[in-house]
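Enquirer: give me a 3D structure for the following:
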Amino acid sequence: MPRDLDQWIIDRRRELGDRVRRLRLGASHTQESFAEATGIDRRTLQRIEAGTSDPRYSDLLRIAAVLDQRVSVLVD
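Expert: Below you'll find the predicted structure:
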């Protein structure tokens, strides 16, 4: 796989993180309240929002459920 895809992946992770953050804030959740609502560790949510980790599909499902969104809204 070409190395230039690595930057593409990093950019997409950041886009996902930004989208999650915007939706979380729009739903009036702090990171702490969001972590409690989703059952995902707050540090994991911080990494997702920062775009420094690849979230598991089950985490995306939990995030989408709490935000009352489809997973496709998060990753589109």
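Enquirer: could you pull up the residues touching the spatially closest residue to Y57 that is not a sequence neighbour?
Expert: Among residues not flanking Y57 along the chain, V71 sits closest, at 7.9 Å (Cβ to Cβ, 6 or more residues apart in numbering). Where you see a C-beta, it was placed from the backbone N, CA and C, and this is true even at glycine. Under the criterion of Cβ atoms under 8 Å, 6 or more residues apart in numbering, the neighbours of V71 are 57, 60-61, 64.
Enquirer: can you redo these as CSV with neighbour count?
Expert: Rendered in CSV, the data for the contacts of V71 read as follows (neighbours: other Cβ atoms under 10 Å):
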residue, neighbour count
Y57, 10
L60, 17
L61, 14
A64, 19
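Enquirer: dump the residues you listed into TSV; add distance to G51, pLDDT and secondary structure as well.
Expert: Formatted as TSV, the entries for the contacts of V71 read as follows, by distance: Cβ to Cβ, whole Å; pLDDT from 0 to 100; DSSP: H, G, I helix; E, B strand; the rest coil:
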residue	distance to G51	pLDDT	secondary structure
Y57	17	97	helix
L60	14	98	helix
L61	19	98	helix
A64	18	98	helix
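Enquirer: and stretch 66-76, how far out from the chain middle?
Expert: Relative to the centre of its chain, stretch 66-76 is centred 9 Å away, using Cα atoms, centre = their mean, to the nearest Å.
Enquirer: ends of it, how far apart?
Expert: When the termini of stretch 66-76 are compared using Cα to Cα, to the nearest Å, they are 18 Å apart.
Enquirer: start at 7, not 1
Expert: All set: I'll call the first residue 7, so the last point we hit is now stretch 72-82.
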